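Colleague: Prediction below, plus the sequence it came from.
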Amino acid sequence: VMESSFGISDSHCLATVRGHVLRNGQKELRLLSLLECSGQFKLDILANPEAIVLSPVPQLSIPINSNFQIVREAEEALLIDFSINSTVRIRLQGEGTPDLLLELQDDIHTQSFLQHVTKAKQQAEKRSSLPRKMEPVVPVPVKDCVPVPPQRGTSKSTSNNTNNSALVKPSKTDSAFSMATDFGFEEKKNQQNRIVAQREAPPPPLPPLPPRKGTYTPSTNHAAGPTTKERPPSAQNSTPVRNEFQFVDRSSSWSDSRSNYTMRQAMMSSHTGSREGLLKYRLTKKEKEYVDIKNFRFFIGTWNVNGQSPDSSLGPWLCCDTDPPDVYALGFQELDLSTEAFFYMDSSKEQIWVDAVEKSLHPKAKYKRIRIIRLVGMMLVVYVNKEHKHHIREVASESVGTGLMNKMGNKGGVAVRFVFHNTSFCFVNSHLAAHVDDYERRNQDYKDICARMSFNLLEYPPLSIVKHDVVIWLGDLNYRLFLPDAGEVKRLIDENELRRLQEYDQLNIQRKTKRAFTDFMEGEINFIPTYKYDAKSDRWDSSGKCRVPAWCDRILWRGSSVKQLHYRSHMVLKTSDHKPVSSLFSIGVKMVIEQRYKKVFEEIVRDMDRMENDFLPSLSLTRREFSFENVKFRQLQRQSFLITNDGQVPCTFAFIPKLNDSQYCKPWLRAEPSEGVLDPNETMEIFLEVYVSKDSVTLLNSGEDKIEDILVLHLDRGKDYFITVAGNYLPCCFGTSLETLCRMKKPIREIPVTKLIDLGEDSCMEKERSRMNFLLDSAGTEDKPLKIPKEVWLLVNHLYTKACQQEDLFQTPGLQDDLQSIIDCLDTSIPESIPGSNHSVAEALLIFLEALPEPVLCYELYQRCLECSHDSRLCKQLISQLPRAHRNVFRYLMAFLRELLKHSIDNNLNANLLATLFASLLVRPPPNLACKQTSHDRQKASDFILGFLMGGDED
């Protein structure tokens with residue numbers, strides 16, 4: 001079961017497939033999901049695949065370990081092609097679970113799923129055969145201190161061949177949970193849904209969303225990609241769940257024997273699967289020949305409710321038109337401002353507002369809720385007229401937090417996507433950064449949401465926001481007016497000079513200058529600003545801050561066949577300091593005409609049959625060698641090349657893993673797109689992106705990994721093309737162990753790599769000695785290590801001297817440009833002052849702590865830390881047993897945080913907030929336990945830190 005921490009799921013779904021459990025001659029529908037967390041795998045079986053749309057609760061969860069068995073019946077069938085409707089049967093046996101017989105569709109999706117499960121089992125078996133070792137504590141392998149990570153492409157398989165061995169008899173009790181099968185099943189906790197149910201099967205076989213395909217648009221700059229702001233880092237807990245590249249961190253390789261690899265290739269290159277994908281692609285390109293456009297009414301609403309509860313009917317907002325809408329999409333912001341909502345995702349107000357909404361929907365129609373998602377105070381709920389519910393499919397939702405370290409969910413966005421008839425829709429509800437002057441931060445929040453919001457469906461590659469036919473973006477975007485005089489603004493409002501005021505509107509200016517929402521449209525605003533009012537009234541803000549009125553609450557759209565009928569505010573509702581806003585759209589939806597569809601389908605099949613018999617696919621590449629110079633931590637580099645289909649038939653391409661690798665590239669590299677289809681003479685631009693995150697920085701710092709890789713571009717039914725990637729990496733103090741940093745008297749960039757390795761070895765031995773000798777600080781030596789890393793001192797000292805009274809410290813994110821400048825400064829110099837804002841320095845400190853290869857509270861003491869969290873004496877005793885560098889850093893940080901709490905009136909900090917935030921960084925579970933960490937464990941870790949914050953000044 002996935003748990004949420006700051007709105008981020010701890011498990012990553014690798015593959016999902018739908019099938020049937022065979023029991024007593026009956027077939028029962030199931031959904032199988034392979035999940036990974038910190039290198040541990042499990043197979044979840046859901047009793048109702050439709051329930052995954054709303055709340056993925058497994059009926060059965062099978063750990064994949066040495067006791068796990070998966071046996072495919074009639075293995076010789078792997079050597080032949082299958083018809084589209086053929087099936088395959090597999091048997092599952094796991095630890096403490098009954099023997100299960102399942103029947104799956106024998107297509108490319110099932111084959112891919114079996115491939116992933118086989119890899120997971122082999123990796124689990126390999127791990128179980130290795131002797132247990134201590135977790136690495138420094139970034140350099142030292143004998144008897146740090147295990148050496150496996151090398152790519154060189155490890156030998158230790159897996160056992162799966163055969164029809166004796167299986168445990170089925171259990172007599174195998175009850176399934178009762179789950180709702182309609183769209184109305186409510187999400188009590190907003191976990192990020194990583195998978196959704198498959199679309200309904202034909203007839204008629206409706207065309208799906210297209211795979212990534214290429215119409216070449218020249219890039220303005222091939223050599224240098226966008227800044228980090230355009231590709232924000234995803235700061236997460238110790239386990240990468242959905243990082244900026246959608247990678248699973250490869251702590252060890254999924255190594256397979258050559259025979260198993262050949263079998264996987266045979267499964268993956270099934271003619272049935274590749275033909276099906278190409279057929280879908282061709283159908284999409286001929287879509288206009290078999291669809292008609294019909295207009296439907298969409299009601300979009302947004303309201304920042306300022307943590308209030310509804311005190312009147314929402315009818316004046318939700319049913320202000322004569323005719324009922326076909327679809328409602330309603331977004332709320334600041335639904336709940338409580339600490340429980342901020343840290344633990346629980347909200348008592350969610351259901352109150354949902355009930356108020358459902359009582360106020362248009363009385364002339366009956367509606368079905370198809371999805372609700374909430375991240376802290378942002379909630380998006382979508383309803384559809386019951387007449388259309390059978391035409392809604394492929395529903396999914398996602399959330400992105402853009403608060404501190406891209407982790408806090410007080411700012412960010414939630415989104416719902418689905419396909420209605422044959423048109424894909426995406427609704428995004430966002431709450432962007434506040435304050436008049438922070439429009440650049442709002443721009444960055446928008447880019448963060450666009451870059452990180454990704455929907456994972458069963459049959460397609462991850463879908464971004466822009467990969468939809470129609471996108472509607474709503475919410476409290478928080479853009480203000482470039483007019484500081486509230487009196488002048490109010491005078492212009494009284495004189496109805498709204499157009500003149502809109503010339504100073506920050507959102508309009510950002511769109512015109514192409515800094516944000518560039519390709520979105522917005523209707524003419526004929527209503528007065530919706531922010532800020534005195535609560536329960538129509539009076540402008542009369543508080544001491546006297547906020548300047550602004551159009552914070554907006555609705556924008558992109559896509560074709562979209563006509564805005566109304567754009568308005570609703571002044572009669574006075575619950576909040578914002579007024580609700582709504583927009584009514586008439587949107588043309590593509591509807592499939594079955595007879596025309598069948599005709600096009602048959603024509604394509606005949607054409608494909610002819611071409612497959614006559615021709616083989618071929619590609620030409622403009623480049624095959626790439627060099628990335630001076631790669632840095634958290635700084636994106638981007639280069640591109642063109643591929644052209646120079647053959648006479650459409651070709652399907654994909655980057656594939658090399659032998660014994662689980663991913664097609666190293667964690668710091670990505671190809672975008674990584675797969676697609678090209679028609680003859682069609683050209684596509686492929687981007688290669690290098691980005692070093694916290695999950696790959698340590699091995700690069702230590703020299704164990706290099707900016708070197710070879711990509712294999714595979715052409716279905718054709719040959720492979722090899723692409724070489726090389727470059728040089730600039731070491732970074734972020735991602736380097738505390739012991740190593742304590743032995744560095746100079747900036748890390750001034751130290752040769754060979755010396756860094758020596759320092760890593762010395763620091764490892766230093767750590768071992770410090771465990772046995774608590775008096776090492778008094779040892780006199782010229783090579784005496786620093787008590788704490790200079791980088792920690794520089795960051796903390798800056799905050800101590802300049803930011804103790806900074807409002808919302810550790811709650812407001814910094815700017816990406818500032819963060820990169822801070823990292824470069826610490827890597828290259830010992831500065832007298834740190835560049836950037838106080839908020840940026842604060843976030844840099846948190847990123848530093850999160851990137852440590854071993855946290856301040858060492859992994860081996862994690863469990864003891866939880867056990868003694870209730871006893872301050874035991875807690876202090878545990879800290880005294882830490883290695884010297886860890887012990888000193890912990891005490892230094894606690895002293896600094898206690899100082900911050902003395903200024904809580906100014907900085908809005910409290911002990912609970914600091915304890916929760918720093919516990920997630922200082923008291924991290926070992927990687928093999930990360931996915932098992934419960935909310936109770938997180939609370940214990942927070943209590944451990946809280947005890948030191950509330951205690952007196954010590955040590």
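Modeller: Yes, it's here. Residues are numbered from 1 along each chain as shown.
Colleague: rest of the way, CA atoms for contacts and neighbours
Modeller: OK.
Colleague: Tell me, how many residues neighbour residue 350?
Modeller: 21 (other Cα atoms under 10 Å).
Colleague: do you know how far it is from residue 378?
Modeller: With distances taken as Cα to Cα, to the nearest Å, residue 350 is found 10 Å from residue 378.
Colleague: what residues are shared contacts of the two?
Modeller: Taking Cα atoms under 8 Å, 6 or more residues apart in numbering as the criterion, residue 350 and residue 378 both touch residue 335.
Colleague: what's the closest non-adjacent residue to residue 732?
Modeller: residue 827 (5.8 Å; Cα to Cα, 6 or more residues apart in numbering).
Colleague: which helices and strands does the strand or helix carrying that neighbour pack with?
Modeller: Per DSSP states H and E, residue 827 falls inside helix 816-828. Secondary structure elements in contact with helix 816-828, counted by 3 or more Cα pairs under 8 Å, 6 or more residues apart in numbering; DSSP states H and E, are helix 838-851.
Colleague: pull the CA atoms of the helix it packs on into CSV?
Modeller: Taking C-alpha atoms only, helix 838-851 is exported to CSV below (Å, rounded to 0.1, in the frame of the first residue of the first chain):
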residue,chain,number,x,y,z
ASN,A,838,17.4,33.7,2.3
HIS,A,839,14.7,31.3,1.1
SER,A,840,17.1,29.9,-1.6
VAL,A,841,19.9,29.4,1.0
ALA,A,842,17.4,27.6,3.3
GLU,A,843,16.4,25.3,0.5
ALA,A,844,20.0,24.7,-0.4
LEU,A,845,20.6,23.5,3.1
LEU,A,846,17.7,21.0,2.9
ILE,A,847,18.9,19.8,-0.5
PHE,A,848,22.4,19.3,0.9
LEU,A,849,21.0,17.2,3.8
GLU,A,850,18.8,15.1,1.5
ALA,A,851,21.6,14.4,-0.9
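Colleague: Return the list of helices and strands in contact with it.
Modeller: So helix 838-851, by 3+ Cα pairs under 8 Å, 6+ apart, packs with helix 790-802, helix 816-828, helix 911-922.
Colleague: related to what we said a few turns ago, would you mark the buried spots in the helix holding residue 827?
Modeller: Of the residues in helix 816-828, 816, 818, 819, 820, 822, 823, 824, 825, 826, 827, 828 count as buried by neighbour count, 16 or more other Cα atoms under 10 Å.
Colleague: now do stretch 707-723
Modeller: Residues 707, 708, 709, 710, 711, 712, 713, 714, 715, 716, 717, 720 are the ones in stretch 707-723 that count as buried (16+ other Cα under 10 Å).
Colleague: And the first one, what's its pLDDT?
Modeller: It stands for residue 707. At residue 707, the predicted lDDT confidence score is 96.
Colleague: same check, this time on the fourth one
Modeller: We have a pLDDT of 95 for residue 710.
Colleague: Show me what it bridges to in the sheet.
Modeller: residue 724 (DSSP bridges).
Colleague: my read: it touches residue 688, true?
Modeller: No - contact between residue 710 and residue 688 fails when scored by Cα atoms under 8 Å: they sit 11.9 Å apart.
Colleague: Can you name the secondary structure element that comes next after whichever strand in the chain runs longest?
Modeller: Scanning the chain for the strand with the most residues, using DSSP state E, yields strand 291-304. Tracing the chain C-terminally past strand 291-304 and defining elements by DSSP H and E, one meets helix 315-318 next.
Colleague: Rounded mean pLDDT for the helix or strand just after that next one, please.
Modeller: Per DSSP H and E, the first helix or strand lying C-terminal to helix 315-318 is strand 327-333. Averaging pLDDT along strand 327-333 gives 98.
Colleague: Show me which positions of strand 327-333 end up buried.
Modeller: Within strand 327-333, the residues that qualify as buried are 327, 328, 329, 330, 331, 332, 333, counting by 16+ other Cα under 10 Å.
Colleague: And for that strand, what's in contact with it?
Modeller: Residues outside strand 327-333 that contact it (Cα under 8 Å, 6+ apart) are 297-306, 377-385, 427, 429-431, 474-476.
Colleague: Next, the angle strand 291-304 makes with it.
Modeller: Interaxial angle of strand 327-333 relative to strand 291-304 (axes from the mean of the first three to the mean of the last three Cα atoms, to 10 degrees): 30 degrees.
Colleague: In its sheet, which strands sit next to strand 327-333, and in what direction?
Modeller: Sheet partners by DSSP bridges: for strand 327-333, these are strand 291-304 (parallel), strand 378-385 (antiparallel).
Colleague: what bits of the stretch 201-350 of the chain have low per-residue confidence?
Modeller: Along the stretch 201-350 of the chain, segments meeting pLDDT under 70 span 201-274, 339-346.
Colleague: switch the cut-off to 80
Modeller: Within the stretch 201-350 of the chain, the ranges that satisfy pLDDT under 80 run 201-278, 338-348.
Colleague: any idea how far the nearest residue to residue 605 once chain neighbours are set aside lies from residue 13?
Modeller: Closest residue to residue 605 in three dimensions, ignoring its sequence neighbours and counting by Cα to Cα, 6+ apart: residue 279, at 7.5 Å. Using Cα to Cα, residue 279 is found at 27 Å from residue 13.
Colleague: So these two - more neighbours on which side?
Modeller: Using other Cα under 10 Å as the criterion, residue 279 and residue 13 rank with residue 13 on top: 20 against 16.
Colleague: Can I take it that that one is in a strand?
Modeller: Yes - under DSSP: H, G, I helix; E, B strand; the rest coil, residue 13 sits within a strand.
Colleague: residues contacting the closest residue to residue 364 other than its chain neighbours?
Modeller: Among residues not flanking residue 364 along the chain, residue 324 sits closest, at 6.1 Å (Cα to Cα, 6+ apart). Applying Cα under 8 Å, 6+ apart to residue 324 gives the contacts 297, 362, 363, 364, 365.
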